[in-house]
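Asker: take a look and give me a structure for this.
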Amino acid sequence: MQTIVADNKYIKNNLPRRAADVNKGDCGRLLLIAGSYGMVGACIMAARAALRCGVGILQIAVDSRIYPIVAAAVPEAVFTVLNFDDENILDSFSGLDTALENCTACVIGCGLGELSERICPHVFDNCNKPLLIDADGINYAAKNLKALEKCVAPLILTPHPKEMSRLTGKSVEQIQKKRKESAVEAAKKLNAVLLLKGKDTVISSSLGDFAINPTGNEGMAKGGSGDALSGIIGSLCAQGVMPFEAAVSGAYIHGMAGDICAGKFSKRAMLPTDLIKELPTVFKQFE
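Answerer: Purely as a prediction, here's the structure:
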């Protein structure tokens, strides 16, 4: 077990470098499977955060009912439109398979709602690229741990304490009392990189290496912050950063942006959308 120190030097060493003649195809292709009727914002925030972190191509697999809203909000993305009516379901899964084959990393779960019951089994069975599972994806996995165990994709799980409780069967109180130990134990058991959100976010590899993130503040405790984090980590993975390093770096960058927001807007008034807008300020420190 190795303790990783997350600091500016660590982040700079792990950020993908770009040659002068680089093109979008060289900068990774992230597949984001997110959003549902009533939870469009989660998809949009994850998408915008991913784009701000440098991924070359963002492909969003999205429910046809919310496609027009997401497409208008994220004009830089390309789309796989999903329609789960009986006559369209085979076409939807075919399009999803093509997207999974072409991507270099995948994020699933942000605002996915009840669609997770249809989409997660297929993605868990067919994805072989780094796969970040968040929110409703974690909720599905917690009820179907055998499906998670069968995944061949390198996994990143990003639960908050209540989601961690569902994954592990431990109470939130038990988890919070021993955050590091809980994260390391779950990462080993689930054979995944596990990021336990909250004050002093803990990131553990399946081998037990871990980091405790030093950035961020309580003003980030608002709906949407986790969606932004998923987009950030997924973007780094798509660009070739290894899952554990991407999770550590993503949490640090996410927290840095949150700290800038706290200084600008106050911890009470800052929003996750403000955090995404401050990502360029963070990256300027590393270029």
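
Asker: so which residues of the stretch 101-250 of the chain form strands?
Answerer: Taking DSSP state E, counting those that start in this stretch as the criterion, the stretch 101-250 of the chain carries its strands at 105-108, 131-133, 155-157, 193-196, 202-204, 210-212.

Asker: separation between the residue nearest to Asn126 when sequence neighbours are not counted and Pro16?
Answerer: Nearest in space to Asn126, with sequence neighbours left out and distances taken as CB to CB, 6 or more residues apart in numbering, is Leu100 at 5.6 Å. Glycine gets a C-beta too; all of them are placed from N, C-alpha and C. From Leu100 over to Pro16 the distance is 22 Å, taken as CB to CB, to the nearest Å.

Asker: the two: which is more packed in?
Answerer: Taking neighbours as other CB atoms under 10 Å, Leu100 and Pro16 compare with Leu100 leading, 22 against 17.

Asker: check contacts around that one.
Answerer: 31, 106, 123, 126-127, 129 (CB atoms under 8 Å, 6 or more residues apart in numbering).

Asker: just those residues: which are in helices?
Answerer: Among those, the subset assigned to helices under DSSP state H consists of 123, 126.

Asker: would you turn the contacts of Leu100 into a markdown table with pLDDT and neighbour count?
Answerer: What follows is those, written out as a markdown table (pLDDT from 0 to 100; neighbours: other CB atoms under 10 Å):
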| residue | pLDDT | neighbour count |
| --- | --- | --- |
| Leu31 | 98 | 28 |
| Cys106 | 98 | 26 |
| Val123 | 97 | 26 |
| Asn126 | 97 | 15 |
| Cys127 | 98 | 25 |
| Lys129 | 98 | 19 |
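
Asker: can I get the contacts of Leu100 in JSON lines with distance to Asp200?
Answerer: Below are those laid out as JSON lines (distance: CB to CB, whole Å):
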{"residue": "Leu31", "distance to Asp200": "31"}
{"residue": "Cys106", "distance to Asp200": "28"}
{"residue": "Val123", "distance to Asp200": "31"}
{"residue": "Asn126", "distance to Asp200": "36"}
{"residue": "Cys127", "distance to Asp200": "30"}
{"residue": "Lys129", "distance to Asp200": "30"}
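
Asker: picking up where we left off before, can you tell me the helix or strand for the residue nearest to Asn126?
Answerer: helix 89-102 (DSSP states H and E).

Asker: could you check that helix and say which residues are buried?
Answerer: 92-93, 95-96, 99-100 (16 or more other CB atoms under 10 Å).

Asker: kindly report the same for stretch 102-121.
Answerer: Residues of stretch 102-121 classed as buried: 103-113, 115-116, 119-120 (neighbour count, 16+ other CB under 10 Å).
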